[in-house]
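Visitor: missing the sequence, but the structure's below:
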């Protein structure tokens, strides 16, 4: 088998004149560097060792390298000496191609905030169970289980790429049972009462009240409401076609497919269609032109074609007639309405100096964070009404735009009606029929 161990401190000398046995003489490198060198294995770089025997000695490594080289599985441990932050910047991130720029920004932010500050200065081959345990413990003191779980997922993907790139032999995020991230909390959203929906809607600026009707009547996400156009309303079929959303990428807006990259159809009641018609009669739709999917200029002809601006007559627009921005909606329309309806406390008022006007200040309103009372609460209410009416979970999942019904069941199982004895009656009939 190919490969050998070379003693770099001694070489074969002339035979002993008295005994005739071979002798050893010191080489020019005697006492310098590591004594033993393993070499001669095809495709494997030579490596030096201090000791000949033992678990960390040259002989043990030679045997292991020969076996792995023969099986085509040899990975030089020195390839894992690169720092995690260098591997991410030089090899992993440049090869990631996220179609959604907003997703790319989120991933990058999570890595920069929760991974690199703790593990970035470690070599890839030094990230093992003890290091992962300390990392998870540090994150638990600063952030929630959902964020930790997400950061773990990203690190696992990075280390798996390093395994595939033959920089390390093992991804400890996926091979260790002794250390795991905290489980992602199962959301238990709550539906609003009809009284709360009406109270919030009454407090919303009249120009934007139709958003509440669409959110609770069709279960659309906020971005999907903002991207809804006149062409998406099928009055004859009593349905809404959810074909796009407005999303923010950096500081710019663009049209894009709904979450999950798929369109859907939602059956809606005549009352909602009437409300939309009344809204359009009072406030006609406005034509809004935005790039598709990504506001950045395309680098190739195909990208430029895909991102070419599209125009749609939107049912709901910003105060100036452009696409509605989610942050503007939350700060200036939604949260003030929640406070006015008594859902959240009134805002805290602070004075903030205006830099361009010395001695002059402005009043800044700061509302409490209340994720459970975001626009998504209307979507939860829609789901609650449908499930309470015993609509099939598969149908509700399709209307909500979930990837599959298991997601809908995981989120909304607690909203499903209690069993009412119909199964007991059916089983009784089954038994009676078999007697």
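Guide: In hand now; what should we look at? None of the values given here were measured: they were computed from a predicted structure.
Visitor: CA atoms for contacts and neighbours, from now on please.
Guide: Noted.
Visitor: and the average pLDDT for the helix or strand containing residue 66 is what?
Guide: Assigned by DSSP states H and E, residue 66 falls within helix 58-71. Helix 58-71 shows a mean pLDDT of 73.
Visitor: equivalent analysis for stretch 36-55, please.
Guide: On average, stretch 36-55 scores 81.
Visitor: for the stretch 51-200 of the chain, what are the low-confidence residue spans?
Guide: Residues of the stretch 51-200 of the chain meeting the criterion pLDDT under 70: 67-78, 176, 187.
Visitor: in it, which spans are helices?
Guide: Listed in chain order, the helices found in the stretch 51-200 of the chain under DSSP state H, counting those that start in this stretch are 58-71, 84-87, 101-110, 116-119, 129-140, 145-164, 172-175, 194-203.
Visitor: relative to residue 311, which of these is closest?
Guide: Closest approach to residue 311 among the helices of the stretch 51-200 of the chain (CA to CA): helix 101-110, 20.8 Å.
Visitor: quick revisit: tell me the most buried of the helices of the stretch 51-200 of the chain?
Guide: Counting by mean count of other CA atoms under 10 Å, helix 84-87 has the highest mean neighbour count of the helices of the stretch 51-200 of the chain, with a mean of 20.
Visitor: which secondary structure elements does it sit against?
Guide: helix 116-119 (3 or more CA pairs under 8 Å, 6 or more residues apart in numbering; DSSP states H and E).
Visitor: thinking again about what came up before, which one of the helices of the stretch 51-200 of the chain lies closest to residue 224?
Guide: Proximity to residue 224, assessed across the helices of the stretch 51-200 of the chain by CA to CA, is greatest for helix 101-110 (15.8 Å).
Visitor: so what touches the closest one?
Guide: By CA atoms under 8 Å, 6 or more residues apart in numbering, the surrounding residues in contact with helix 101-110 are 98, 151, 154, 248, 249, 250, 294.
Visitor: ok now that helix, how far from the chain's centre?
Guide: 8 Å (CA atoms, centre = their mean, to the nearest Å).
Visitor: okay, now residue 297: neighbour count?
Guide: 11 (other CA atoms under 10 Å).
Visitor: shouldn't it be in contact with residue 306?
Guide: No - using CA atoms under 8 Å as the test, residue 297 is too far from residue 306 to be in contact (10.4 Å).
Visitor: so residue 372 sits against residue 189, correct?
Guide: Yes - in this structure, residue 372 is within contact of residue 189 by CA under 8 Å, at 7.1 Å.
Visitor: give me the more crowded residue out of these two.
Guide: residue 189 (18 against 12).
Visitor: setting the sequence-adjacent residues aside, check what's closest to the more buried one.
Guide: Spatially, and ignoring its direct neighbours in sequence, residue 189 is nearest to residue 380 (6.5 Å; CA to CA, 6 or more residues apart in numbering).
Visitor: so which helix or strand takes in the one you found?
Guide: Using DSSP H and E, residue 380 falls in helix 376-388.
Visitor: in that helix, what's buried?
Guide: 376, 377, 378, 379, 380, 381, 382, 383, 384, 385, 386, 387 (16 or more other CA atoms under 10 Å).
Visitor: how about stretch 288-298?
Guide: Of the residues in stretch 288-298, those buried (16+ other CA under 10 Å) are 288, 289, 290, 291, 292, 293, 294, 295, 296.
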